[in-house]
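Peer 1: Quick one: sequence and predicted model below, then my questions.
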Amino acid sequence: MLFIAITLGFVVVVTGCMILINRWMVSQRPPASQEDSDQDDNGLNS
């Protein structure tokens, strides 16, 4: 039971960190590297 609680807690922490990092990267994308993001977007779209 303790192992299950630790595993679930670890998964929740990792998921929360990934969401926070993703939101931080999105918010930092336009001012940081607009040319790079444009090139990446063009490559993904085409």
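Peer 2: Everything's here; your move.
Peer 1: What is the longest helix of the chain by residue count?
Peer 2: helix 2-32 (DSSP state H).
Peer 1: what helices or strands is that helix leaning on?
Peer 2: Applying 3 or more C-beta pairs under 8 Å, 6 or more residues apart in numbering; DSSP states H and E, we find helix 2-32 packed against no helix or strand. (Glycine included, C-beta is placed from N, CA and C.)
Peer 1: residues near Phe10, how many?
Peer 2: Counted with other C-beta atoms under 10 Å, the neighbours of Phe10 add up to 10.
Peer 1: any idea of the mean pLDDT in the longest helix of the chain?
Peer 2: For helix 2-32, the mean pLDDT works out to 90.
Peer 1: Go through it and flag the buried ones.
Peer 2: Buried residues in helix 2-32, counting neighbours by 16 or more other C-beta atoms under 10 Å, are absent.
Peer 1: Next, work out how far apart Leu20 and Val14 are.
Peer 2: Separation of Leu20 from Val14 (C-beta to C-beta, to the nearest Å): 11 Å.
Peer 1: again with Arg29
Peer 2: Relative to Val14, and taking C-beta to C-beta, Arg29 is found at 22 Å.
Peer 1: now Met25
Peer 2: 16 Å.
Peer 1: again with Met1
Peer 2: Taking C-beta to C-beta, one finds Met1 at 21 Å from Val14.
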